[in-house]
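Undergrad: Fold the following, please.
(chains A and B)
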Amino acid sequence: MITLEHIDKKFGKFQALQDIQLTCKRGQCIALIGPNGSGKTTLIKTILQMVMPDKGNIIFKGEKVNNQWEYRSKIGFMPQMTRYPENMKIGELIEMMKDIRNMSTNLDEELINAFNLSSMFEKKMGTLSGGTKQKVGACLAFLFQPDLLILDEPTAGLDPLSSEKLLKKVAKEKAKGKTIIISSHILSDLDELVDDVIYMQDGKILFHTKIDELIFETSETKLTKIISRKMGSVHV
Amino acid sequence: MYKIIKHIMADILRNKVILSYTLLLAIASFSIFALEDTSSKGILSMLNVLLMVVPLFSLIFSTIYIYNSSEFIELLLSQPIPRKTIWRSLYFGLSIAMSLAFFLGSGIWILVFQADYLGFMLLLIGLLLTLGFSSIAFLTALLAKDKAKGIGISIFSWLFFAIIYDGIILFLLFQFSDYPIEKLMIFISFLNPIDLARILLLMQLDVSALMGYTGAIFKDFFGTQMGIIISYLCLIMWILVPFKISENIFAKKDL
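TA: Have a look, this model is predicted:
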């Protein structure tokens, strides 16, 4: 589905990404984890080319997409710190996105209903709480039935009930065969969802392993435990 | 592109600042034309207002608008839209809205009181300045990530073009008054859109006779058909060049 080849990115002198190699197959669900500032968000933004890589190729569905834009129509992105035009109402924003994407049918409005967003369509984005903005972001990511979903800390800031609804939706999309890249610090959210784990540190991928192998290797079942054991052994 | 422009226009036209700008221009233009006894004096006063207010407003408003749209730009960037389209739509949306504000505020009064060659020229110059200075703002807004710094740069560039530049020219004129620098002066005035606009219009008025030898040289150049065409082309370059540079920067910018 998506392959990154030798991606390098520097912000000034700071090496944000260093020789990133990554392959994500169709239908896979990959968890992107790592400490703060390890380059997870930069990596995600590089896939979307909101951050332009200094070096390396981005390959989407077998085609090199550096400096292209059409491939983004197949991607649903939910940003981390969701910021939206402040004087726009929720309803207007969603209508605008439909208008820009030129899609008014075949939409996935399940999350809009699940979060009961339509009752808040008249509220302005600037007045919303962080959690509600997250919900809008989630709805927009799923709305256009994308093949690849990229979720950057989707559950941060959501209440437990909404968080549960969102994760259920992610699981459902995964069952449909969608490819999912999800980054999170709340590892318990990712149990039962992910196939692969990518652990990043200082702009490098420390390991990229199948979850089954990790479970076998560490003889733990919970991701939290797996990671702490794995990282413990690395440092010792 | 048309769709994005539509959404941006809708957003700007709801903005109260641009409405007050229109109102301010309308009041100023009407009172100038109503107070001055000859319309030629009216044109001159209008020119002075336009040369100060229009660049200042275009620069500051555009800069602030771009910074405030950072969320919007980020949102559009994650969508299947090329970067060039985003940047151009932003420029067209903004400059169309501001040109409209200028036309409704000043343009109508100019056409009512002075519907001749001079009036049209004033209107055209006002529009070109609006477009040119928002184009400069698009460039300055990309030079600094920090909003306060960006606005600072655009205020300074206004100060530079409106005041400091003339000071430097005056200084040079006195320092090199023994040398034949009149031709050079023509070239130097091309480097400042405000000066260019001012000279272009002054040459059409009788007051240019009072400007001495330099005025005569200027008249020789800016008074001719060729000179006028070159000056307009130069004003258009002031729209295209800064925008093109900003577009190239935006194409590589990380958000």
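Undergrad: sec struct for the residue most central in space within chain A, please.
TA: Taking Cα atoms, centre = their mean, the centroid of chain A lies closest to A:Leu151, which sits 2.0 Å from it. Classification of A:Leu151 by DSSP: H, G, I helix; E, B strand; the rest coil places it in strand.
Undergrad: what pLDDT does the nearest residue to A:Met96 once chain neighbours are set aside get?
TA: Nearest residue to A:Met96, sequence neighbours excluded (Cβ to Cβ, 6 or more residues apart in numbering or on different chains): B:His7, at 5.4 Å. Backbone N, C-alpha and C define where each C-beta goes, glycine included. If you check B:His7, the pLDDT there is 87.
Undergrad: so B:His7 touches A:Glu95, yeah?
TA: No: using Cβ atoms under 8 Å, B:His7 is not in contact with A:Glu95, being 9.6 Å away.
Undergrad: between these two, which one's more packed in?
TA: A count of neighbours by other Cβ atoms under 10 Å in any protein chain shown puts B:His7 above the other of B:His7 and A:Glu95, at 21 against 15.
Undergrad: Regarding the more buried one, which helix or strand does it belong to?
TA: When elements are assigned from DSSP states H and E, B:His7 belongs to helix B:2-13.
Undergrad: Likewise for A:Ala156?
TA: A:Ala156 is part of no helix or strand when elements are defined by DSSP H and E.
Undergrad: Can you verify A:Thr132 is assigned to a strand?
TA: No: assigned with three-state DSSP, A:Thr132 falls outside any strand and is helix.
Undergrad: ok, now how distant is it from B:Lys252?
TA: Between A:Thr132 and B:Lys252 the computed distance is 34 Å (Cβ to Cβ, to the nearest Å).
Undergrad: what are the ranges of the strands in chain A?
TA: With DSSP state E as the criterion, chain A has strands at A:2-11, A:14-24, A:29-33, A:55-60, A:63-64, A:75-78, A:148-152, A:179-183, A:196-201, A:204-210.
Undergrad: brain fart, the stretch 1-150 of chain B
TA: Assigned strands in the stretch 1-150 of chain B: none (criterion: DSSP state E, counting those that start in this stretch).
Undergrad: and it, which residues reach chain A?
TA: Contact residues, the stretch 1-150 of chain B versus chain A (Cβ under 8 Å from any Cβ of the partner chain): B:3-4, B:7, B:11, B:14, B:68-72, B:74-83.
Undergrad: how about A:His185, what does it touch?
TA: Residues counted as contacts of A:His185 (Cβ atoms under 8 Å, 6 or more residues apart in numbering or on different chains) are A:33, A:153, A:156.
Undergrad: Just confirm A:Ser38 contacts A:Gly203, I think it does.
TA: Yes: applying Cβ under 8 Å as the test, A:Ser38 and A:Gly203 come out as touching, 7.0 Å apart.
Undergrad: any chance you could map the helices in the chain?
TA: The chain I'm using is chain A. Along chain A, the stretches classed as helices by DSSP state H are A:40-48, A:90-101, A:110-114, A:130-143, A:160-175, A:211-218, A:223-235.
Undergrad: oops, I was thinking of chain B
TA: Secondary structure of chain B by DSSP H: the helices cover B:2-13, B:16-35, B:39-68, B:70-77, B:83-102, B:108-113, B:117-143, B:147-159, B:165-175, B:182-190, B:193-202, B:212-222, B:225-252.
Undergrad: residues from chain A in reach of chain B?
TA: Taking Cβ under 8 Å from any Cβ, the part of chain A that reaches chain B is made up of A:11, A:45, A:48, A:50-52, A:69-73, A:75, A:77, A:79, A:83-88, A:96-97, A:99-101.
Undergrad: what's around the closest residue to B:Ile8 other than its chain neighbours, how many residues?
TA: Nearest residue to B:Ile8 in three dimensions, chain neighbours excluded: B:Gly93, at 3.0 Å (Cβ to Cβ, 6+ apart). Counted with other Cβ under 10 Å, the neighbours of B:Gly93 add up to 23.
Undergrad: Read off the pLDDT value for B:Gly93.
TA: B:Gly93 carries a pLDDT score of 93 in this model.
Undergrad: Where does the prediction get shaky in chain B?
TA: Within chain B, the segments meeting pLDDT under 70 span B:207-214.
Undergrad: no, scratch that, I was asking about chain A
TA: In the predicted model, chain A carries pLDDT under 70 at residues A:233-236.
Undergrad: Kindly recompute the last result at 50.
TA: Chain A contains residues with pLDDT under 50 at A:236.
Undergrad: Find the nearest non-adjacent residue to residue 75, please.
TA: Went with chain A since none was named. Among residues not flanking A:Ile75 along the chain, A:Leu148 sits closest, at 4.9 Å (Cβ to Cβ, 6+ apart).
Undergrad: Switch to chain B, please.
TA: Among residues not flanking B:Leu75 along the chain, A:Tyr84 sits closest, at 6.3 Å (Cβ to Cβ, 6+ apart).
Undergrad: does the one you found really touch A:Lys135, like I thought?
TA: No: A:Tyr84 is beyond contact range of A:Lys135, at 11.7 Å (criterion: Cβ under 8 Å).
Undergrad: So for these two, which residue has more residues nearby?
TA: Ranked by neighbour count (other Cβ under 10 Å), A:Tyr84 and A:Lys135 place A:Lys135 first, with 27 against 20.
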